[in-house]
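J.: Based on what follows, work out the 3D shape:
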Amino acid sequence: MLNHNKILQKRTSGVTFIELLVTVVIISVMMTLAFTNYNNTINRQSTSNATDQAAFALKEARQYAKRNGIITQVFFPVSQNEYEIYAGTSKILSSSDSGEGSGVLPSNTKILSNSCGEFYFYIDGTPLIDYTETVEDNGDKVIIINPVDETCTIKIGISDSNSKTIKVHAFSGNITYD
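T.: Numbering: from 1, shown residues only. Next up is the predicted model:
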């Protein structure tokens, strides 16, 4: 005779293979999502830090020109992670410097675009496309300036979808960024 009590008994402990498999899949999905979000957060932070650093360097170049009465020259080459700033013929900031504000953007960020090209800050802080300096016969120094006539932008980041833009405003030389 068949013992019905044993057949109808429910399992009291243990995990089936299906339950274990579902648990592992759920944990794997959660880990993947967490890692992706972590990477995105790190990349956004790197882009933000690089933009802050570059905007600070531009503001310093502008202030240096105004404070010292020396035209400063700014290089932000596209597809590079380094920039340089000159005062007259002397480098005041470059990638060969060490420490914060070294002229090297942090992490894997780079200059994605630069509508400004190579440009200058005049002694009053005005951004210039270029200038010509001559000395007249009487010894007077004459500087002919060619100011930037529209706001130019420098885009910094890891990719176009993860970037920030610095604006150098025409005529005033004010620097803003998002």
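
J.: next helix or strand past the lowest-mean-pLDDT helix or strand in the chain?
T.: When the helices and strands of the chain are scored by mean pLDDT, DSSP states H and E, helix 4-7 comes last with a mean of 57. For helix 4-7, the following helix or strand on the C-terminal side (DSSP states H and E) is helix 17-68.

J.: pull the CA atoms of the following helix or strand past that following helix into CSV?
T.: Per DSSP H and E, helix 17-68 leads on to strand 72-75 as the next helix or strand towards the C-terminus. Output in CSV follows, covering the C-alpha atoms of strand 72-75 (Å, rounded to 0.1, in the frame of the first residue of the first chain):
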residue,chain,number,x,y,z
THR,A,72,49.1,86.3,-23.0
GLN,A,73,48.8,83.6,-25.6
VAL,A,74,46.6,80.5,-25.2
PHE,A,75,46.9,77.1,-27.0
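
J.: Any idea how far the following helix or strand past strand 72-75 is from the middle of the chain?
T.: Proceeding N to C from strand 72-75, the next assigned helix or strand is strand 84-87, under DSSP H and E. Averaging C-alpha positions (C-alpha atoms, centre = their mean, to the nearest Å) puts strand 84-87 19 Å from its chain's average.

J.: so for strand 84-87, what's the average pLDDT?
T.: For strand 84-87, mean pLDDT is 88.

J.: again with stretch 14-33
T.: Here the average pLDDT along stretch 14-33 is 86.

J.: Next: stretch 39-58.
T.: For stretch 39-58, the mean per-residue pLDDT is 89.

J.: what about Y131, how many neighbours?
T.: 14 (other C-beta atoms under 10 Å). Where you see a C-beta, it was placed from the backbone N, CA and C, and this is true even at glycine.

J.: and it, what pLDDT?
T.: At Y131, pLDDT is 80.

J.: Secondary structure element for it, which one?
T.: Per DSSP H and E: strand 127-135 holds Y131.

J.: same question, T153
T.: strand 152-159.

J.: Which neighbouring elements make contact with that strand?
T.: Strand 152-159 is packed against helix 17-68, strand 110-114, strand 162-168, with contacts defined by 3 or more C-beta pairs under 8 Å, 6 or more residues apart in numbering; DSSP states H and E.

J.: in the strand holding Y131, what's buried?
T.: For strand 127-135, burial by neighbour count (16 or more other C-beta atoms under 10 Å) applies to 127-128.

J.: Name the strands paired with that strand and say parallel or antiparallel.
T.: Applying DSSP bridges to the sheet, strand 127-135 is found paired with strand 119-121 (antiparallel), strand 141-147 (antiparallel).
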